[in-house]
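Based on what follows, work out the 3D shape:
(chains A and B, ligands or ions: 3)
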Amino acid sequence: MGTVSIIIDGQQVEVEQEATLLEAASKLGIEIPTLCYHPDLTLHGSCRVCVVENEETGDLLASCVTPVTDGMKILTHTAKVRSARRINVELLLANHPNDCLGCDRNGTCELQDIAFDLGITEIRFAGEMKDYPVDDTGPALKKEPNKCILCGRCVRVCEEIQGVFALDFTDRGFQSVITTAFDHSHAEVNCANCGQCATVCPTGAITELRYREKVWQAIEDESKHVIVQTAPSIQSAIGEEFGLEPGTVATGKLAAALRRLGFDKVFSTDFAADLTIMEEGNEFIKKLKGDKELPHITSCCPGWVKFCEHNYHDLLDNLSTAKSPMSMFSSITKSYYAEKMGLDPEDIYTVAVMPCTAKKFEMEREELKENRVQSTDGVLTTRELARMIKEMGVDFVSLEEEEYDQMLGTSTGAATIFGATGGVTEAALRTVKEKITGEPLDRLDLGFEGINEETVKIGDRNIKVAIANGLANATEILEGVRAGKSEYDFIEIMACPMGCVGGGGQPLPTSTEIKCKRAEGLKSIDKSEAIRKSHENPEVKKLYNDYLGEPLSGYSHHLLHTDYQPRDRN
Amino acid sequence: MDCCTCNESDKSRQEYLAPLQTILDGYEGKEKDLIPILQESQEEYGYLAEEVLKEIASNLDLSFGQVYGVVTFYSQFHLEPRGENVIRICMGTACHVKGGDKILDKLKEELEIDDGETTDDLKFTLEAVACIGACGLAPVIMINDNTHGRLVPKDIPEILTQYE
Ligand code: SF4
Ligand code: SF4
Ligand code: FES
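Numbering: from 1, shown residues only, chains lettered A, B, ... in the order given. Ligands and ions are numbered 1, 2, ... in the order given. Sure, this is the predicted structure:
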């Protein structure tokens, strides 16, 4: 691959032939505003916010889609360029609702930031306003098409990263709107509820469906015993909302903040991740012994489960029947915990803080209800929890670290790494290998690639493992399985890029680099944790001794396992 | 109005979709066949029902959302049943100057529908269009393939009776 040399703002830079002007400028540390551009997605070139000037011809070029040519001279911030950018943004604002104060993305909106940076102080063009209703039928996401600037990032992420194609541009011209087929709610179409569209949306047009108000109500209701559980990946991400470096481990502060909000018990989903490993690990061991067909496929990610129900009916039998850690945890709060505490399960309100929007959908699954009563009562995303902490005036950064409550609060290193791609596999194999051979597993140290394949020796058997994150990557793996080309024993799938650290409910803005740091944060906890294997979690052991009996036994099966339903492909 | 077969039994659904199956059999199930399949299906059914589009999507290995995106992009495709007679009223410059909007108002009044809608008895569909290239006859409407020009509002009821 050859390189070319171009001059940007008087500075010479050498870049690869295929590079765009935007990439060349970024190599020089020159920042150019962008809206429709997203580093993880294909190029679109529709918003024209990234224009630069060709010094020789005076032409304005969209830098995100214009390839470099040798000897090109580019100016990035001339008066002409700035004025063009400003007009392009003003035109977007001409039919944008002017209600930033009430918007969920107030403070994290890219359109707002760009308007500010470009010095836009008034909206000069009064355009016709779009008038679409807010779609809050959920179950995970809220859509406000009036706030959409048609950048297409959501459409591209859903197609390119997720391979779902739930959203598309519909109609034409001023009537253009991003929606699902026949405007059906996301519950009725093939959407996985992963929320990746919400994380790439530069504005507030797609956000999570809020649960904050309901959780506040429960906290204030004296008759309710309100429990909170936090997913493994929250501890290394939530700090970002309070200005901490991405990847900062804030477990102790998180526990302290949750107490300040008024939860009666502060527990950890990590505990249930260990429980999941006990059930799923034993399930896998049985399958290895020929009990059921391989590959064994993980089922803790609700985005993946719904995707599987739509697209891989033939593999539903291969999914682990173990409930996700969130749902296991919630079932335990309404049974074991209620019994130990002498509480009526009906008085317990279980809140889950999740990195995920799809958990809001999982919460409402009929098959997870016990006597038609939901086991998880409310799901908050990381972002929503941060808002609640701010609302309470809690100074998160200076909080003294506190411990999680006992009984359902102890975590192991294995549980912590559930929050990043490859983590479930490593956690499961730690327990499986030791159960089968009595020997500990050497650290796998898997990377965070979209697809990872490994062979792990357990006794005299080579276990073939495949790990995928992002549903398009999952499709690649599964098509191989379907075609009989790949023979895996264990497949881990997470819908979101890099796993829960890249979840649809995590802090914004996000990027591959930020997700990596969050994942590294979790790995560091695993390294320093005294107990690193799920089967050594003392609270989990006690739960089996006092209540459940053996993994996969009648009672655990009833409480901790579920089934799946085939859904229409579209 | 029977515009959706989803609540009917599986058998009548299959019957409804049988002609579509014949259309699909004539193609190789490739993405590139989408537009001609949509055209043929609309020719067959008069419009493109949800069930039909779903079936087409599955057959071409596309998502429902993608197919819906394409269908709504082209004004030639219709998601609602169409009237037996399609009235196109010209809203171009010449017709506008000559009082085309009054003709449109009269049509709306007579048919009791809005622009883009179809009467309950499925007799008429009303469509305002940009220009039909008959400016000399302004204001002008087309009903199916017939042109009616130099209109005044009171001509409308008499013209409509010709099609009832
Ligand atoms: S939630 Fe995920 S699957 Fe659903 S529309 Fe958004 S990106 Fe697509
Ligand atoms: S919903 Fe958001 S991401 Fe999608 S096109 Fe609109 S502004 Fe862009
Ligand atoms: S960012 Fe370049 S055109 Fe939108």
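
count of residues packed around the residue in chain B that ligand 1 sits nearest to?
Going by CB to the nearest ligand atom, ligand 1 is nearest to B:Gly65 of chain B, at 8.5 Å. The C-beta positions use only the backbone N, C-alpha and C, and glycine is treated the same way. Neighbourhood size, B:Gly65 [other CB atoms under 10 Å in any protein chain shown]: 28.

Show me what counts as buried in the host helix or strand of it.
In the assignment (DSSP states H and E), B:Gly65 maps to helix B:64-73. Residues of helix B:64-73 classed as buried: B:64-72 (neighbour count, 16 or more other CB atoms under 10 Å in any protein chain shown).

In CSV: those residues, plus distance to chain A and pLDDT.
Listed next are those as CSV, based on distance: CB to the nearest CB, whole Å; pLDDT from 0 to 100:
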residue, distance to chain A, pLDDT
B:Phe64, 4, 96
B:Gly65, 5, 96
B:Gln66, 5, 96
B:Val67, 7, 97
B:Tyr68, 4, 97
B:Gly69, 3, 97
B:Val70, 8, 97
B:Val71, 8, 97
B:Thr72, 4, 96
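
ok, so of these, who is nearest A:Met354?
A:Met354 lies nearest to B:Gly65 out of the buried residues of helix B:64-73, by CB to CB, at 25.8 Å.

Enumerate every residue touching the closest one.
B:Gly65 makes contact with A:165-168, A:180-181, A:189-190, A:570, according to CB atoms under 8 Å, 6 or more residues apart in numbering or on different chains.

is ligand 2 contacted by the helix holding B:Gly65?
No - Helix B:64-73 is not in contact with ligand 2 by CB under 6 Å from any ligand atom; minimum separation 12.6 Å.

Run the chain-centre distance for that helix.
Computed by CA atoms, centre = their mean, to the nearest Å, the separation of helix B:64-73 from the middle of its chain amounts to 16 Å.

Filtering the contacts of B:Gly65 by proximity to ligand 1, which remain?
A:166-167.

Name the residue closest to the centre of chain A, please.
The centroid of chain A falls nearest to A:Gly503 when counting by CA atoms, centre = their mean (0.8 Å).

was I right about that one contacting A:Cys356?
Yes - between A:Gly503 and A:Cys356 there is a contact at 4.5 Å, judged by CB atoms under 8 Å.

what's the overlap in contacts for the two?
In contact with both A:Gly503 and A:Cys356: A:195, A:381, A:496, using CB under 8 Å, 6+ apart.

Around chain A, which positions in chain B sit nearby?
Counting by CB under 8 Å from any CB of the partner chain, chain B comes close to chain A at B:50, B:53-54, B:57-58, B:62-69, B:72-73, B:75, B:79.

6 Å instead, please
Proximity of chain B to chain A, by CB under 6 Å from any CB of the partner chain, involves residues B:50, B:54, B:57-58, B:63-66, B:68-69, B:72-73.

other SSEs contacting the top helix by length along chain B?
Once chain B is assigned using DSSP state H, the helix that runs over the most residues is helix B:10-25. Secondary-structure packing of helix B:10-25 (3 or more CB pairs under 6 Å, 6 or more residues apart in numbering or on different chains; DSSP states H and E): helix B:34-45, helix B:50-59.

Which stretch among these approaches ligand 2 most closely?
When the helices and strands packed on helix B:10-25 are compared by CB to the nearest ligand atom, helix B:50-59 sits nearest ligand 2, at 21.2 Å.

now the closest one against helix B:10-25, angle please.
In terms of direction (axes from the mean of the first three to the mean of the last three CA atoms, to 10 degrees), helix B:50-59 departs from helix B:10-25 by 50 degrees.

Next, the angle helix B:34-45 makes with helix B:50-59.
Relative orientation of helix B:50-59 versus helix B:34-45 (the same axes, to 10 degrees): 150 degrees.

where's helix B:50-59 relative to the chain centroid, distance-wise?
19 Å.

go on, stretch B:146-159?
With CA atoms, centre = their mean, you get 21 Å for stretch B:146-159.

Please work out the average pLDDT along it.
Averaging pLDDT along stretch B:146-159 gives 94.

now do stretch B:77-87
So the average pLDDT for stretch B:77-87 ends up being 93.

Now do the SS call for A:Glu283.
helix (DSSP: H, G, I helix; E, B strand; the rest coil).

Good, wrapping up.
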